[in-house]
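>>> Provide a 3D model corresponding to the input given below.
(chains A and B)
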Amino acid sequence: MSLRPQQGEAQADLDHGQVVIVTARWLLIVVGLFLLVLKPTSSVGELRVQIALLLLLGLVNFVLLARLLRRSPVLPPVAYAASALDLVVVTILVLSQGGDSPTFVLYFPALVALSVAFEPLVMIEYALATAGVYGVIAASRLPTGIDRGPIVATRVLMLAAVAFCGGVYWFVEHDRRRRLERSSS
Amino acid sequence: MNPTAVRRLDHEAAEDIFFGQVVMIWARWFLIGAGTIFFLWTAQKSTQVALGILPIVALMVLNFYLHGRYLLERPSNIVQITAASTIDVALVSAIVLVWQSNTAPGLTGLGSPFFVLYYPVLLAFAFVMPRWLTLIFTASTAAVYAAICLPDLTSITTAKVLVLRLATLAAMGGIGTFYWRIQRSRRHEGLGAKG
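Alright, predicted model coming up:
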């Protein structure tokens, strides 16, 4: 079992998984806008930044969707950068709301979408970075009066869990395709 | 659909369960790990430790059994693993509904930090199971969680929090089953290319 598949296979994973990533990103944008527009925060500056970020994400996603519709192959650096942008936008939303921001749950669909499409090594890097960054943010920003440690540990572990499950699923399907290829040749 | 095609689809569905259930087993190990950390870290009274660790021990026994069968290449069938996942959701729901600790005193329902335990369970189920079953399982889990949180909906802010959580929980089922379909069509494409 290798964490780095052959280039052709990694590209096929990316091509097949890109539609899921794009769909998950639309969900992130719609849910994010819904939450921002419904009972917005009192700070106009904060709201401006949040909406601008989501619209930027929408623009990026539209470009990626257009490539998908034209059946153009996905360029790995573009796919990796777009997914990194997803995670950065969620992090900015979490940071901008301060305290125990409920928007951290948006990390889950973003991580799951990339966990099967990206090669395992890249997925591990993204998952570790996300869990690490969020862990630091949550540990420093959760309100006082509660014991932060167990809450942060549980959340970080669950973020790692969904990425890990995606990775295990990637290996299961990879092995099944190999098995089929061997049996049909 | 001709009988051969039906047989092939049945065989493929059985293989989905056979090979895929390891994802569910790993998701449950994470659940057990998180539960253990949380209960041992937060409980202050010995009765709390004893009560809190009981569901974790039950889950461990269940997962040892399922993992053991998998390692012996005698994986469980669809009924057994659906029942195991239902037990996961029931336990998490019970914890969200009643468990209070000094970590977050008085926080149950919408305020409970344990709702994150639903995510890997829903995802793993969706990766492995047929779409109709995933739809039922995800919708039931979301409905149970919404029902638990309903008494805590006192403002638009709390409603927003619930909507956000329900949308992301549903996304676990949706993304999982989307990948399930994509992987299945990739296998078909591979077989088709081989003629």
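>>> Residues contacting the secondary structure element (helix or strand) that B:Ala124 belongs to, please?
Under the criterion of DSSP states H and E, B:Ala124 resides in helix B:118-128. Contacts of helix B:118-128 with the rest of the structure, by CB atoms under 8 Å, 6 or more residues apart in numbering or on different chains, involve A:108, A:112, A:158, A:161-162, A:165-166, A:169, B:16-17, B:20-21, B:23-24, B:26-28, B:30-31, B:81, B:85, B:88-89, B:92, B:134, B:137-138, B:141, B:145, B:168-169, B:172-177, B:179-180. Quick note: C-beta positions are derived from backbone N, CA and C, even for glycine.
>>> okay, now the residue in chain A that chain B sits nearest to: neighbour count?
Chain A approaches chain B most closely through A:Ala161 (3.6 Å), counting by CB to the nearest CB. Residues near A:Ala161, counting by other CB atoms under 10 Å in any protein chain shown, number 29.
>>> Show me the shaky parts of chain B.
Residues of chain B meeting the criterion pLDDT under 70: B:1, B:100-106, B:191, B:193-195.
>>> Spell out for me which residue occupies the centre of chain A.
A:Ala110 (2.3 Å; CA atoms, centre = their mean).
>>> picking up where we left off before, who touches the residue of chain A closest to chain B in this structure?
Per CB under 8 Å, 6+ apart, neighbours of A:Ala161: B:27, B:30-31, B:34, B:119-120.
>>> Out of those, who's the most crowded?
Among the contacts of A:Ala161, B:Pro120 has the most neighbours (other CB under 10 Å), with 32 neighbours.
>>> For whichever residue of chain B sits closest to chain A, which non-adjacent residue is closest in space?
For chain B and chain A, the shortest gap (CB to the nearest CB) falls at B:Phe30, measuring 3.6 Å. Nearest residue to B:Phe30, sequence neighbours excluded (CB to CB, 6 or more residues apart in numbering or on different chains): A:Ala161, at 3.6 Å.
>>> how big is the angle separating the helix or strand where B:Ile136 lies from helix B:118-128?
Applying DSSP H and E as the criterion places B:Ile136 in helix B:131-149. Counting by axes from the mean of the first three to the mean of the last three CA atoms, to 10 degrees, helix B:131-149 lies at 170 degrees to helix B:118-128.
>>> re the thing from before, and the contacts of helix B:118-128, which of them are in helices?
A:108, A:112, A:158, A:161-162, A:165-166, A:169, B:16-17, B:20-21, B:23-24, B:26-28, B:30-31, B:81, B:85, B:88-89, B:92, B:134, B:137-138, B:141, B:145, B:168-169, B:172-177, B:179-180 (DSSP state H).
>>> which other residues reach stretch B:135-144?
B:82, B:85-86, B:89, B:93, B:118, B:121-122, B:125-126, B:129, B:166, B:169-170, B:172-174, B:177.
>>> could you pull out the helices for chain A?
A:7-37, A:44-69, A:76-97, A:107-117, A:120-141, A:148-184.
>>> Show me what counts as buried in the first one.
Across helix A:7-37, burial judged by 16 or more other CB atoms under 10 Å in any protein chain shown covers A:10-25, A:27-29, A:31-32, A:35-36.
>>> next one: the third one
If you call a residue buried by 16+ other CB under 10 Å, then helix A:76-97 has these buried ones: A:79-80, A:82-83, A:85-87, A:89-91, A:93-94, A:96-97.
>>> Thanks again, I'm all set now.
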